[in-house]
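Asks: turn this into a structure:
(one chain, ligands or ions: 1)
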Amino acid sequence: MEDKLEAFQDFYPDDYSHCYGCGRLNEHGMQIKSYWDGEESVCRIHPRDYYTGGMKHIVYGGLIASLIDCHAAGTAAAAKIKELGQEMTRETMPRFVTANLNVNFKAPTPIGAEIELRGKVLEIKGRKVTIGVDLIAEGVVCAEGQALMIQVKETL
Ligand SMILES: CCCCC/C=C\C/C=C\C/C=C\C/C=C\CCCC(=O)SCCNC(=O)CCNC(=O)[C@H](O)C(C)(C)COP(=O)(O)OP(=O)(O)OC[C@H]1O[C@@H](n2cnc3c(N)ncnc32)[C@H](O)[C@@H]1OP(=O)(O)O
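Replies: Next up is the predicted model:
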């Protein structure tokens, strides 16, 4: 039976699916999955308890930044294809890379909790797409990120 493609990352072509954070072909990676939830994008993940940030009960900030980065990259690609009025397929999915990423760490992210990432499209201007991402755990916005994603030229 053919696999059902649903998440934004399922539509990345194989050659672009080795990212540590979101590549479905990286067996050692996080393999995050992002979806539309109305106008926002959402991703839920339960990081393993060894992703500790100094203290045993707090998630490593670098992992938090990675999750925000990859969710923003997927959201940018999905938003661009929506703007173009096209469907997501492995042939049409645009490739975006991170040009700039800012993260505000607002509160410790507890280890053991499910993390929810919620993305908003802040601006689409040609190849430049700006995405805002909130990282939420146990009902608390623990980090806020903003990413400038740039569509790589060969997909234009
Ligand atoms: C060619 C990329 C190869 C790498 C591909 C790797 C994997 C990703 C591929 C596909 C995606 C698939 C799946 C998603 C995978 C991963 C998601 C996680 C994201 C990452 O982990 S990804 C790794 C970290 N990421 C990088 O490794 C990028 C290194 N970098 C570059 O590859 C170039 O730097 C690039 C492409 C960013 C721009 O180069 P470029 O030549 O295409 O664009 P150009 O210079 O023409 O700028 C066009 C307009 O963007 C503005 N602009 C550019 N840079 C800016 C900045 N930093 N701040 C503010 N504005 C900026 C200009 O000011 C101009 O604005 P305006 O049009 O208004 O004048």
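Asks: quick check: buried residues in stretch 123-131?
Replies: Buried residues in stretch 123-131, defined by neighbour count with 16 or more other CB atoms under 10 Å: Ile124, Arg127, Val129, Thr130, Ile131. In short, each C-beta sits where N, CA and C put it, glycine included.
Asks: what about the ligand: which of the residues you listed touch it?
Replies: By CB under 6 Å from any ligand atom, the members of the buried residues of stretch 123-131 lying near the ligand are Arg127.
Asks: determine which two of the buried residues of stretch 123-131 are furthest apart.
Replies: The most widely separated members of these, counting by CB to CB, are Arg127 and Ile131 (13.8 Å).
Asks: just curious, which of the buried residues of stretch 123-131 is nearest to Met88?
Replies: Nearest to Met88 among those, counting by CB to CB, is Val129 at 15.0 Å.
Asks: any idea how far that closest one is from Lys82?
Replies: 11 Å (CB to CB, to the nearest Å).
Asks: at which residues are the helices of this structure located?
Replies: According to DSSP state H, the chain carries its helices in the segments 61-83.
Asks: tell me the residues of it that contact the ligand?
Replies: 12, 16, 19, 21-22, 69-70, 73, 95-100, 127-128, 148, 150, 152-153.
Asks: thank you, goodbye.
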